[in-house]
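Novice: Just to be clear, the model below is a prediction. Sequence and coordinates:
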Amino acid sequence: MELTTALAFGALPVILLGASASLAHAYNKLQARHARITRDRDSYLEVLEGSNDALFVINFVNGRIYQANEQAARMLGYGREELAASTIFQLHPTEFLQRSAGRIADAWEQKGAIYEDIPLLTKNGELIQVESSVRVTTYQGRPAIILFARDISERLALREGLQQQQAVVQRQNAELLDSIRYAKRIQDAVMPDAAALVGLVPDAFILYRPKDIVSGDLYWFAEKNGRTVVAAADCTGHGVPGALLSLIGVSLFRETVLERGVVRPESILEALRDGVIDALNGQGDEEEGHRDGMNVSVVSIDRQAMLLDYAGAYAPVFVVRQGELIELKGDRIPVGYHDGEQRAFTGTSMPLQKGDRIFLFSDGMQDQFGGPQGKKLRSSGLKEWVLNTADLSMDDQYQTISDRFRLWKGREEQIDDVLLIGLEV
């Protein structure tokens, strides 16, 4: 027994030493955990006070606010202690509570989220539109989230103002588009029906491709005093300005040819020039550096005598005969006011043969960029198209040239109105 007692007393220091070591280990773990919590707290405080946004550290489970920075207190009108005694759900309007809970759950699942469809409620009951950014974290060993909230009221006001301005612009654009479409109806009504040309010249076509809804190119034809008069005109500009000039041109053609009986092309151009100058009060658009007017080609065909009379203002005419192209060039003066000498237009007469084809055109097709190199078609390209399709019927020639122009243009923007008139004697 004495031996047993002695052994027991002898083992006591060992037991105490082991217990002391265990206590020391537990104490060290407790110290480390405390230091980690202290570091986390200090880190949170550093983030809280260093942020320009309102910032909340929130319990993920019940929404309790652990910490809130001074910016959050100022924005919502609370004291920081009041916020720390609240939940995030108390800061959201009642109708947004379900959405708020859903956003927090989504943020936890996705390890973060950004949204701006849940406002915050101030102490005075006012709503503040905010952009919220949520990050997942822990706080004192518990699941938590950090919620950054930025006041975006000014941004939304600017956005709303911009949307209102855009709505005004869209409405104005729609009204303008409606007006232009109505102007097209007027232009179409004033110009002769293209299909009616075959009533005067059975083998004929008009290839007409406005750049915009309305066009600055115009075609006109009529029968008067045994002559078939056909004209192609390219007015200054395109779109609405060109269309307004085209209406003046159509009116002057009618007055000159149908009412006054003028059928000589050079005399028609003289009358047109006087009429355009008078309509524009003798002025062009000097501030823009150019004069308003038009380039015009006019032919007058006497089918009884098989004779072609032509005059042009910066606008030639092609005649294709038995595989040869003949170019008739007019005067280098416009129909309209210009600074040079006011010279008379000159006329050209040419005997016709059966099968001759006559082409009048604006410069829209020649000036179009396209093809493999993205270059202009030019006059040489148009001549080639006209020549190597001259053996086709007029309908087929129209379709072929139309297709070639579409393929030539490709994805390039059409830069001008396009007009090509073809007549076969």
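Specialist: Received, thanks.
Novice: Strands of the stretch 301-425 of the chain, residue ranges please.
Specialist: Using DSSP state E, counting those that start in this stretch, the strands of the stretch 301-425 of the chain run over residues 307-313, 317-321, 324-328, 335-336, 348-351, 357-361, 369-370, 375-376, 418-424.
Novice: hmm, I was thinking of the stretch 1-150 of the chain
Specialist: Under DSSP E, counting those that start in this stretch, the stretch 1-150 of the chain gives strands at 54-59, 65-68, 113-115, 120-121, 127-128, 130-139, 142-151.
Novice: Those into a markdown table, with extra columns for distance to Ala315?
Specialist: (C-beta placed from N, C-alpha, C; glycine too.) Below are the strands of the stretch 1-150 of the chain laid out as a markdown table (distance: least, C-beta to C-beta, whole Å):
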| stretch | distance to Ala315 |
| --- | --- |
| strand 54-59 | 72 |
| strand 65-68 | 79 |
| strand 113-115 | 63 |
| strand 120-121 | 71 |
| strand 127-128 | 68 |
| strand 130-139 | 63 |
| strand 142-151 | 65 |
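Novice: Which of the ones you listed sits closest to Gln187?
Specialist: Closest to Gln187 of those is strand 130-139 (C-beta to C-beta; 51.8 Å).
Novice: distance between that closest one and the chain's centre?
Specialist: Its chain's average C-alpha position is 39 Å from that of strand 130-139, according to C-alpha atoms, centre = their mean, to the nearest Å.
Novice: What residues sit buried inside it?
Specialist: Val130, Glu131, Ser132, Ser133, Val134, Val136, Thr137, Tyr139 (16 or more other C-beta atoms under 10 Å).
Novice: I'd like those laid out as a markdown table, including distance to Glu82.
Specialist: As requested, these are exported to a markdown table (distance: C-beta to C-beta, whole Å):
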| residue | distance to Glu82 |
| --- | --- |
| Val130 | 19 |
| Glu131 | 23 |
| Ser132 | 20 |
| Ser133 | 23 |
| Val134 | 22 |
| Val136 | 26 |
| Thr137 | 23 |
| Tyr139 | 19 |
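Novice: of these, closest to Val386?
Specialist: For the buried residues of strand 130-139, the nearest to Val386 is Glu131 (64.4 Å; C-beta to C-beta).
Novice: Gly355 and Gln322 touch, don't they?
Specialist: Yes - with contact defined as C-beta atoms under 8 Å, Gly355 reaches Gln322; the gap is 7.5 Å.
Novice: And these two? Which one has more around it.
Specialist: Set Gly355 next to Gln322 and count neighbours by other C-beta atoms under 10 Å: Gly355 wins out with 12 against 8.
Novice: residues contacting that one?
Specialist: Arg321, Gln322, Glu424, Val425 (C-beta atoms under 8 Å, 6 or more residues apart in numbering).
Novice: just His238 next, same as before
Specialist: Pro210, Lys211, Asp212, Ser215, Gly216, Asp217, Asp416, Asp417.
Novice: make it 10 Å
Specialist: With contacts defined as C-beta atoms under 10 Å, 6 or more residues apart in numbering, the neighbours of His238 are 210-212, 214-217, 246, 362, 364, 414-417.
Novice: One more: Val263?
Specialist: Here Val263 is in contact with 222-229, 256-257, 298, 300-302, 309 (C-beta under 10 Å, 6+ apart).
Novice: quick one: it from Asp203, how far?
Specialist: Distance from Val263 to Asp203, counting by C-beta to C-beta, to the nearest Å: 22 Å.
Novice: show me where the stretch 251-400 of the chain has helices.
Specialist: Assigned by DSSP state H, counting those that start in this stretch, the helices in the stretch 251-400 of the chain fall at 265-279, 378-387, 394-409.
Novice: Can I get the ones you listed in CSV including distance to Gln187, mean pLDDT and mean neighbour count?
Specialist: Below are these laid out as CSV (distance: least, C-beta to C-beta, whole Å; pLDDT from 0 to 100; neighbours: other C-beta atoms under 10 Å):
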stretch, distance to Gln187, mean pLDDT, mean neighbour count
helix 265-279, 16, 95, 21
helix 378-387, 25, 97, 16
helix 394-409, 21, 97, 16
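Novice: How many residues are close by the closest residue in space to Phe56 that isn't next to it in sequence?
Specialist: The shortest distance from Phe56 to any non-neighbouring residue, by C-beta to C-beta, 6 or more residues apart in numbering, is to Leu147 (4.5 Å). Here the number of neighbours of Leu147 (other C-beta under 10 Å) works out to 26.
Novice: can you pull up the bridge partners for Leu147?
Specialist: With DSSP bridges applied, Leu147 shows beta-bridge pairing to Phe56, Val134.
Novice: wait, it sits on Tyr66?
Specialist: No - checked against C-beta atoms under 10 Å, the pair Leu147 and Tyr66 is beyond contact range at 11.0 Å.
Novice: now the protein, which segments are flagged as low pLDDT?
Specialist: By pLDDT under 70, the low-scoring segments of the chain are 1-50, 282-291.
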